[in-house]
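K.L.:
model this:
(one chain, ligands or ions: 2)
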Amino acid sequence: MGQVTVIRVGVLGAKGKVGRAICEAVEAAPDLELVAQVDAGDPIETFVDTRTQVVVDFTNPDVVMGNLEFLVANRIHAVVGTTGFDDTRLAQVQRWVTEQPGVGVLIAPNFAIGAVLSMRFAEQAARFFDSVEVIELHHPNKLDAPSGTAYRTAALIAAARAKAGRGPSPDATATELDGARGADVDGVRVHSVRLAGLVAHQEVLLGTQGETLTIRHDSIDRNSFAPGVLLGVREIGTRPGLTVGIDPLLDL
Ligand SMILES: NC(=O)C1=CN([C@@H]2O[C@H](COP(=O)(O)OP(=O)(O)OC[C@H]3O[C@@H](n4cnc5c(N)ncnc54)[C@H](OP(=O)(O)O)[C@@H]3O)[C@@H](O)[C@H]2O)C=CC1
Ligand SMILES: O=C(O)C1=N[C@H](C(=O)O)C[C@H](O)C1
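P.N.:
Numbers count the residues shown, from 1 in each chain. Ligands and ions are numbered 1, 2, ... in the order given. Model prediction:
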């Protein structure tokens, strides 16, 4: 039997809701070793001391950039689920990895396979429909709205519609209570629901003459994110530079 190379993995945000699920998944994987768990108040230098090869970050948008700056500077690969990455932030991460050839950073707004596919399906459908709106629904402890997934979905839809020469979705609203029509993300309306009992859910509603199409995804448990994260952990060492989304890892 060939020898299995074990990857030394650390988790940032290890005591958080997703961080806990990721720690469990790493511990259960024979080809991965959980060598460091870091949460708020713990020293990030732990990853250097423990010779961590790949760090998974599920913290929060306020701290993730500082984490990444440290990890890349110390030549530690990163797999990032934390939200809050706009073009400015991605450009900064790109600069950091360019300065450290060989280091890989994977940033994905959603690691659940079904969510990745639903974004792709929405992008494919976008050009065929007059109207499109996104509804994302999450647990009430979520800090950011709209969700990172909804941002990305709206951006993909907007780009597909623009490429097809489609204008804005029809909307005759003349008077509006602030927020009633949701947020405008690249011209696509995005509505955020926060409700006890929910985990992470999204619907893309598309409509045209005489028909509608609803693309819905539900994460009913946070272990839904684990297979995508572990795929990223296993692959990131062979993908230097910045990768956004797990689509290329799935050959999508
Ligand atoms: N891409 C994806 O597939 C997914 C992304 N997410 C995103 O991941 C992030 C985390 O989500 P969730 O687990 O629900 O959030 P939680 O608040 O449950 O977990 C975040 C954890 O990070 C800790 N933390 C805060 N600052 C630091 C720091 N500087 N160093 C280390 N740990 C720190 C928090 O500690 P404390 O509470 O003490 O501040 C907390 O334990 C969010 O941005 C969320 O949107 C979530 C699910 C899937
Ligand atoms: O905070 C969450 O819970 C989630 N965050 C990510 C997002 O903002 O898209 C991914 C998933 O929706 C769960």
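K.L.:
What sits closest to the most centrally placed residue in the chain if chain neighbours are left out?
P.N.:
Taking CA atoms, centre = their mean, the centroid of the chain lies closest to residue 109, which sits 1.3 Å from it. Closest residue to residue 109 apart from its sequence neighbours, by CB to CB, 6 or more residues apart in numbering: residue 148 at 3.8 Å. In this view, the C-beta of every residue, glycine as well, is placed from N, C-alpha and C.
K.L.:
quick one: contacts for residue 106?
P.N.:
78, 79, 80, 232, 235, 236, 239, 243, 244, 246, 249 (CB atoms under 8 Å, 6 or more residues apart in numbering).
K.L.:
just checking, which of those residues belong to helices?
P.N.:
Judged by DSSP state H, helices contain the following of these: 232, 235.
K.L.:
Next, format the contacts of residue 106 as a markdown table and append neighbour count.
P.N.:
Formatted as a markdown table, the contacts of residue 106 follow (neighbours: other CB atoms under 10 Å):
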| residue | neighbour count |
| --- | --- |
| 78 | 28 |
| 79 | 29 |
| 80 | 26 |
| 232 | 25 |
| 235 | 18 |
| 236 | 23 |
| 239 | 15 |
| 243 | 20 |
| 244 | 17 |
| 246 | 25 |
| 249 | 18 |
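K.L.:
for the contacts of residue 106, which one is nearest ligand 1?
P.N.:
Of all these, ligand 1 sits closest to residue 80, with 7.7 Å by CB to the nearest ligand atom.
K.L.:
Next one: that closest one from residue 67, what distance?
P.N.:
From residue 80 over to residue 67 the distance is 8 Å, taken as CB to CB, to the nearest Å.
K.L.:
what residues are shared contacts of the two?
P.N.:
residue 57.
K.L.:
Residue 216: which element?
P.N.:
Following DSSP states H and E, one finds residue 216 within strand 211-219.
K.L.:
other SSEs contacting that strand?
P.N.:
Helices and strands touching strand 211-219, by 3 or more CB pairs under 8 Å, 6 or more residues apart in numbering; DSSP states H and E, are helix 113-125, strand 200-208.
K.L.:
check whether it contacts ligand 1.
P.N.:
No: residues of strand 211-219 contacting ligand 1 under CB under 6 Å from any ligand atom: none, with a closest distance of 7.5 Å.
K.L.:
Now do that strand and helix 113-125, the angle between them.
P.N.:
If you take axes from the mean of the first three to the mean of the last three CA atoms, to 10 degrees, strand 211-219 sits at 160 degrees to helix 113-125.
K.L.:
what angle sits between strand 211-219 and strand 200-208?
P.N.:
Between strand 211-219 and strand 200-208, the angle formed by their directions is 170 degrees, by the same axes, to 10 degrees.
K.L.:
Tell me the buried residues in strand 211-219?
P.N.:
Across strand 211-219, burial judged by 16 or more other CB atoms under 10 Å covers 215, 217, 218, 219.
K.L.:
And whichever residue of the chain sits closest to ligand 1, how far from residue 165?
P.N.:
At 2.0 Å from ligand 1, residue 16 is the closest residue in the chain, using CB to the nearest ligand atom. Counting by CB to CB, the separation of residue 16 from residue 165 is 43 Å.
K.L.:
So between the two, which is more surrounded?
P.N.:
For residue 16 and residue 165, the more surrounded residue by other CB atoms under 10 Å is residue 16, and the numbers stand at 19 against 7.
K.L.:
Mind pulling up the pLDDT for that one?
P.N.:
The per-residue pLDDT reported for residue 16 equals 98.
K.L.:
Any chance of JSON lines for the buried residues of strand 211-219, columns pLDDT?
P.N.:
Output for the buried residues of strand 211-219, formatted as JSON lines (pLDDT from 0 to 100):
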{"residue": "215", "pLDDT": "99"}
{"residue": "217", "pLDDT": "99"}
{"residue": "218", "pLDDT": "98"}
{"residue": "219", "pLDDT": "98"}
